[in-house]
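Undergrad: Okay, sequence plus prediction incoming.
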Amino acid sequence: MAIAGFLKTVKEIKQKEVAAHQRRISLASLRRQAEQVPLKTNFLAALKKSTLSDVGIIAEIKKASPSKGDLCLDLDPKVAAAAYESGGARAVSVLTESVYFKGSLADLETACAATKLPVLRKDFIIHEYQIYEARHAGAGSVLLITTLLSQNQQAEFTCLARELGMEPLVEIASEWEIDQALAADARMIGINNRNLSTLELEPDAAVRIAPILPREVLPVAASGIFTPQDIQQGIDAGIYNFLVGESIVLASDPQAFIRSLTQACLK
């Protein structure tokens, strides 16, 4: 599938960014540094603990988005990560894309240092350099977007992440991408309710797709999750892990809001 719209634009930005980063620190140097960073809690193992009565929330540090604009530009990754852990989140996601999401690798490093929870680097990964950056920052996972990668790239990046002790979260947005994700040996698949080419929200994508994934693959619903009712719909489709960003960031009490989502099935 050809890359179009927003994804095409952000890929071009990422290509320039990675080249600039490599001019500052070579891939060989970054690799050596990354391999010396102690491993954190296993991301996949943490998500496997989620059950019908104890759902997992991957709480996101998200300052802005291309669809909603600025959300909370002064969001402190240290404060947020600690609050998310106190609220009962299963893991933390940090957006490191700088142009549209206003994030940074510094945000990732700060969050990793502030929590014992496993942390996901959420970005548009197009080069192995970015995976080493994530490992160097202390992340336990990286997001691999199927639409953005060829099957060979996806398989290579998956192997590299695992060699570094990280289990990638493989993102799809339609049934048509399942085969590529599975061919690359995806063990957890994030189903994005938002089409990243058009930025349009398709609220039922995750609940529609999750039941047709192989039983051994762990599904994660992402985007458009605002209420305990949204969580319950996912539970009904066999989803016990949810990546939630905007609604947590905008909540007056993020800890209480996370608890309300984790207890959705009890209401």
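TA: Okay, I see it. Numbers count the residues shown, from 1 in each chain.
Undergrad: Which pLDDT value goes with the residue nearest the centre of the chain?
TA: When CA atoms, centre = their mean is applied to the chain, the residue found nearest the centroid is Lys122 (4.4 Å). pLDDT, Lys122: 98.
Undergrad: With the one 4 residues further on instead?
TA: Looking at Ile126, its pLDDT reads 97.
Undergrad: Next, the contact list for it, please.
TA: Lys11, Lys14, Gln15, Val18, Leu148, Leu149, Gln153 (CB atoms under 8 Å, 6 or more residues apart in numbering). C-beta here means a position set from N, CA and C on the backbone, and glycine is covered the same way.
Undergrad: Would you mind measuring from it to Ala186?
TA: 18 Å (CB to CB, to the nearest Å).
Undergrad: follow-up on the earlier one: which among the contacts of Ile126 gets closest to Asp107?
TA: Lys14 (16.7 Å; CB to CB).
Undergrad: Let me see the backbone angles for that closest one.
TA: Main-chain dihedrals, Lys14, degrees, to the nearest 10: phi -60, psi -40.
Undergrad: What are the contacting residues of stretch 42-57?
TA: With CB under 8 Å, 6+ apart as the criterion, stretch 42-57 contacts 58, 88-91, 117-120, 140-141, 166-167, 169, 187-188, 218, 220, 231, 234-235, 240-242, 244, 248, 258, 261-262, 264-266.
Undergrad: Give the PyMOL command for selecting the buried subset of those residues.
TA: Restricted to buried positions by 16 or more other CB atoms under 10 Å, the PyMOL selection for the contacts of stretch 42-57 reads:
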select buried, resi 58+88+89+90+91+117+118+119+120+140+141+166+167+169+187+188+218+220+231+234+235+240+241+242+244+248+258+261+262+264+265
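Undergrad: Take the contacts of stretch 42-57 and keep only those in helices.
TA: With helices taken from DSSP state H, the overlap with the contacts of stretch 42-57 comprises Ile231, Gly234, Ile235, Ile248, Ile258, Leu261, Thr262.
Undergrad: Which parts of the stretch 51-200 of the chain are strands?
TA: Listed in chain order, the strands of the stretch 51-200 of the chain (DSSP state E, counting those that start in this stretch) span residues 56-61, 64-65, 69-70, 91-95, 119-122, 141-145, 169-172, 188-192.
Undergrad: what mean pLDDT would you report for the second one?
TA: Throughout strand 64-65, pLDDT has a mean value of 94.
Undergrad: just the longest one next, same as before
TA: Throughout strand 56-61, pLDDT has a mean value of 98.
Undergrad: Pairing partners for that strand, with directions?
TA: Using DSSP bridges, strand 56-61 pairs in its sheet with strand 91-95 (parallel), strand 241-244 (parallel).
Undergrad: could I get those strands as JSON lines with mean pLDDT?
TA: Shown next, in JSON lines, are the strands paired with strand 56-61 (pLDDT from 0 to 100):
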{"stretch": "strand 91-95", "mean pLDDT": "98"}
{"stretch": "strand 241-244", "mean pLDDT": "98"}
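Undergrad: so which of those gets nearest Ala80?
TA: strand 91-95 (8.1 Å).
Undergrad: Strand 188-192 and the closest one, what's the angle between them?
TA: 50 degrees (axes from the mean of the first three to the mean of the last three CA atoms, to 10 degrees).
Undergrad: What segments of the stretch 1-150 of the chain are helices?
TA: Taking DSSP state H, counting those that start in this stretch as the test, the helices found in the stretch 1-150 of the chain are 5-24, 27-34, 43-47, 77-86, 105-114, 128-137.
Undergrad: Could you look over those helices and pick the most buried one?
TA: helix 128-137 (a mean of 23; mean count of other CB atoms under 10 Å).
Undergrad: what's around Ile61, how many residues?
TA: 29 (other CB atoms under 10 Å).
Undergrad: For it, give me its contacts.
TA: Leu75, Pro77, Ala80, Ala81, Val92, Ser93, Val94, Leu95, Gly103, Asp107, Ala111, Val249.
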